[in-house]
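*Asks:* return atomic coordinates for the entry below.
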Amino acid sequence: MNNAVVRKLVLTTQYQPLSPIISEVLSVTVRLPSSNKKEALFLSDDGSEVPWDPGSQFELKRVSLAQLMVKGRAGDLVVLAGGSW
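*Replies:* Residues are numbered from 1 along each chain as shown. Model (predicted):
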């Protein structure tokens, strides 16, 4: 059975995972609303920061969202839409 996921994450100035559920593996579109005031910073696998500008989006296939860390301007958003397919 597939489960659909639509969720928003309110950014803070500290890194937080895209999901608090360790075992959650999903395929999602990650969207940064154009109304965000500043880019979001994702933590790469080598520890560097990767900026994503407001209005951008990208697709992730079958990834553990708990391992993806993001921070940004407090109050800006990251929106996830996808599921367990």
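*Asks:* leaving out sequence neighbours, find the closest residue to the one residue sitting closest to the centre of the chain.
*Replies:* Geometric centre of the chain, nearest residue: L18, 4.7 Å, by CA atoms, centre = their mean. Leaving aside its sequence neighbours, L18 sits nearest to L65 (CB to CB, 6 or more residues apart in numbering; 4.0 Å). For glycine as for every other residue, the C-beta is placed from the backbone atoms N, C-alpha and C.
*Asks:* quick one, what contacts the one you found?
*Replies:* 17-19, 21, 24-26, 28, 80 (CB atoms under 8 Å, 6 or more residues apart in numbering).
*Asks:* let me see the contact set for V5.
*Replies:* 26, 28, 80-84.
*Asks:* I'd like those laid out as TSV, including secondary structure, neighbour count and distance to W52.
*Replies:* What follows is these, written out as TSV (DSSP: H, G, I helix; E, B strand; the rest coil; neighbours: other CB atoms under 10 Å; distance: CB to CB, whole Å):
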residue	secondary structure	neighbour count	distance to W52
L26	strand	23	18
V28	strand	24	14
L80	strand	18	13
A81	strand	15	16
G82	strand	19	17
G83	strand	12	22
S84	coil	14	24
